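Visitor: Give me the fold of what follows.
(one chain, ligands or ions: 2)
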Amino acid sequence: MKIEQLSLTHFRNIESLNLVFDKDVTVIIGKNGQGKTNVLEAIHYCSTSRSFRVKDDQLCIQFNQELCRIIGVFSVKGNKKQLKVILNQDGKYLFENNKSFSTNKEFIGLVNTVLFSPNDLFLFDGYPKVRRKFIDSELSKLFPEYVEALFSYNKLLKERNNYLKQIQIDKDYISVLDDQMIEYSITVLNYRYRFIDYLNRNVAKLFQDLVEEESWKINLSLESDIPRGDNLRETLKLMYNQSLNKDILFKSTQIGIHKDDLVTYINDQELINVASQGQKRMMIIAIKLCLIHYIKENINEFPILLLDDVFSEIDEVKRKRFIEFLPKTCQTIVTTTDISHIKLWSQERYSLFTVSNGNVVKE
Ligand SMILES: Nc1ncnc2c1ncn2[C@@H]1O[C@H](COP(=O)(O)OP(=O)(O)OP(=O)(O)O)[C@@H](O)[C@H]1O
Ligand SMILES: [Mg+2]
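Guide: Numbers count the residues shown, from 1 in each chain. Ligands and ions are numbered 1, 2, ... in the order given. Got it, this is the predicted structure:
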């Protein structure tokens, strides 16, 4: 899929923008703080209905303005679609070809992007929640059934946790909630395992090629309260029953898919404990490259790649290999402060835009 046009009004420091993407690679260059990431953030909104930097949408509205508007024109499997996001102080409004959506569930994944960002390092250093969010966000963009199951599970989890705060607990009522949560858990877990298995089959080779370290054994594991195996339904029922007294004591649900974590191992050691910053970066790049192919396998089209300032943090040899590994037919939008970082692309392949104080100008 491709983005053909992007129009912005009062988005962050960009007063107004009309950008036409006429080549497969678009390079956005500018000094720090000029608005490069803002452009990628706006495209990302069209794919996920949210920012990758802030939780509060209103922060994206230009200072002293009431409203901001993002319009992206995309080509998806040969069909044109216009996606629109409007943010104002009351909330967020989402449209596809002027049809509005009452929830973001149906909007997420109408177009697919994969973002490479310096913040990705949090994937290893942050809390399990960060890694769960990564899996959830990627799978939600791909599979409506996943979003639906996760959404329903979270709603029931909230209800269960609120109920556990009551003085009188009716265990039959809890059991009814558990049965519903178990069904959604099974759906979510199956998708998570399928994704992790795919990563495991492919990530090691990519990582080894990127860092040229052949002897390393790489393993990604979904660390879950729930043991992998057959009879998930029975196992979960038993676990919920066994945990109930503890849940009542703590007034919250102590086990379940909301505690899952994604852990990466190098030679059986947790990556976070043994890898250098550079190696962590390359591992993230390898995981994201795998993700690109996973998306292609599942929706039969490559996503749009958003590369936010990723080249400044890796050396020239790795930069070259990274570019070589990017699928050639993927539309790629790159931000950089330094033109020399993109010299590996021939000049005919990309369109160049300069950003200064929120103004984007084609070179
Ligand atoms: N709501 C807003 N209204 C107006 N300006 C904003 C808003 N939010 C952020 N900005 C401004 O946007 C600019 C940051 O833009 P952005 O993060 O895209 O910069 P960048 O070019 O990617 O810089 P760097 O190279 O440092 O990553 C800052 O000048 C910031 O003050
Ligand atoms: Mg930036």
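Visitor: list the contacts for Q5?
Guide: The contact partners of Q5, by CB atoms under 8 Å, 6 or more residues apart in numbering, come to 18-21, 71-73. Where C-beta positions appear, they are placed from N, C-alpha and C, glycine not excepted.
Visitor: pretty sure it is in a strand, no?
Guide: Yes: counting by DSSP: H, G, I helix; E, B strand; the rest coil, Q5 is part of a strand.
Visitor: For G229, see how far away it is.
Guide: Noted for Q5: a distance of 49 Å to G229, by CB to CB, to the nearest Å.
Visitor: And for L352?
Guide: 53 Å.
Visitor: Compare neighbour counts for the two and give me the winner.
Guide: L352 (16 against 7; other CB atoms under 10 Å).
Visitor: wait, is that one part of a strand?
Guide: Yes: assessed by three-state DSSP, L352 belongs to a strand.
Visitor: average model confidence for whichever helix or strand N200 is part of?
Guide: Using DSSP states H and E, N200 sits within helix 171-211. For helix 171-211, mean pLDDT rounds to 94.
Visitor: residues in contact with K141?
Guide: 47-48, 108-109, 112, 295.
Visitor: So in terms of bridging, what pairs with the residue lying closest to S117 once chain neighbours are set aside?
Guide: Nearest residue to S117 in three dimensions, chain neighbours excluded: D308, at 4.5 Å (CB to CB, 6 or more residues apart in numbering). Counting by DSSP bridges, D308 is bridged to T335.
Visitor: Quick one: neighbours of D308, just the number.
Guide: 23.
Visitor: do you know how far F95 is from ligand 1?
Guide: 22 Å (CB to the nearest ligand atom, to the nearest Å).
Visitor: what bridges to that residue?
Guide: Applying DSSP bridges, one finds that F95 bridges with K84, S100.
Visitor: Repeat that for V76.
Guide: N79.
Visitor: give me the number of residues near it?
Guide: 15.
Visitor: what are the ranges of the helices in the stretch 101-250 of the chain?
Guide: Listed in chain order, the helices of the stretch 101-250 of the chain (DSSP state H, counting those that start in this stretch) span residues 122-125, 128-142, 144-164, 171-211, 232-250.
Visitor: I'd like to know which elements the shortest one is packed against.
Guide: The criterion is 3 or more CB pairs under 8 Å, 6 or more residues apart in numbering; DSSP states H and E, and the helices and strands that helix 122-125 contacts are helix 128-142, helix 271-274, helix 277-299.
Visitor: coming back round to it: which one of the contacts of Q5 is nearest to ligand 1?
Guide: Closest to ligand 1 out of the contacts of Q5 is L19 (14.0 Å), distances taken as CB to the nearest ligand atom.
Visitor: Need phi/psi at the closest one.
Guide: Dihedral pair for L19: phi -120, psi 130, per degrees, to the nearest 10.
Visitor: for the helix holding N200, packing partners?
Guide: helix 128-142, helix 144-164, strand 218-223, helix 232-250, helix 277-299, helix 316-325.
Visitor: okay if I get the ones you listed as JSON lines plus mean pLDDT and distance to ligand 1?
Guide: What follows is the helices and strands packed on helix 171-211, written out as JSON lines (pLDDT from 0 to 100; distance: least, CB to the nearest ligand atom, whole Å):
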{"stretch": "helix 128-142", "mean pLDDT": "93", "distance to ligand 1": "20"}
{"stretch": "helix 144-164", "mean pLDDT": "96", "distance to ligand 1": "28"}
{"stretch": "strand 218-223", "mean pLDDT": "92", "distance to ligand 1": "29"}
{"stretch": "helix 232-250", "mean pLDDT": "96", "distance to ligand 1": "39"}
{"stretch": "helix 277-299", "mean pLDDT": "93", "distance to ligand 1": "16"}
{"stretch": "helix 316-325", "mean pLDDT": "89", "distance to ligand 1": "17"}
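Visitor: what's the closest non-adjacent residue to L271?
Guide: In space, and not counting its chain neighbours, L271 is closest to T264: 4.2 Å by CB to CB, 6+ apart.
Visitor: so which of the contacts of K141 is the most crowded?
Guide: Going by other CB under 10 Å, S47 tops those with 27 neighbours.
Visitor: Near the closest residue to that residue other than its chain neighbours, how many other residues are there?
Guide: Excluding the flanking residues, the one nearest S47 by CB to CB, 6+ apart is T113, at 4.2 Å. Look at T113: counted by other CB under 10 Å, it has 23 neighbours.
Visitor: What residue in this structure is the furthest from its centre?
Guide: Most distant residue from the mean C-alpha position of the chain: Q168, 40.5 Å away (CA atoms, centre = their mean).
Visitor: Now do the phi/psi pair for it.
Guide: Dihedral angles (degrees, to the nearest 10) for Q168: phi -100, psi 120.
Visitor: Could you report the pLDDT at it?
Guide: pLDDT, read off for Q168, is 92.
Visitor: any idea how far ligand 1 is from it?
Guide: 48 Å.
Visitor: K92 contacts S100, correct?
Guide: No: applying CB atoms under 8 Å, one finds K92 not in contact with S100, separated by 11.0 Å.
Visitor: Please say which of these two ends up with more neighbours.
Guide: When neighbours are counted by other CB under 10 Å, K92 and S100 differ, and K92 comes out ahead with 17 against 11.
Visitor: Just say helix, strand or coil for that one.
Guide: K92 ends up strand, using three-state DSSP.
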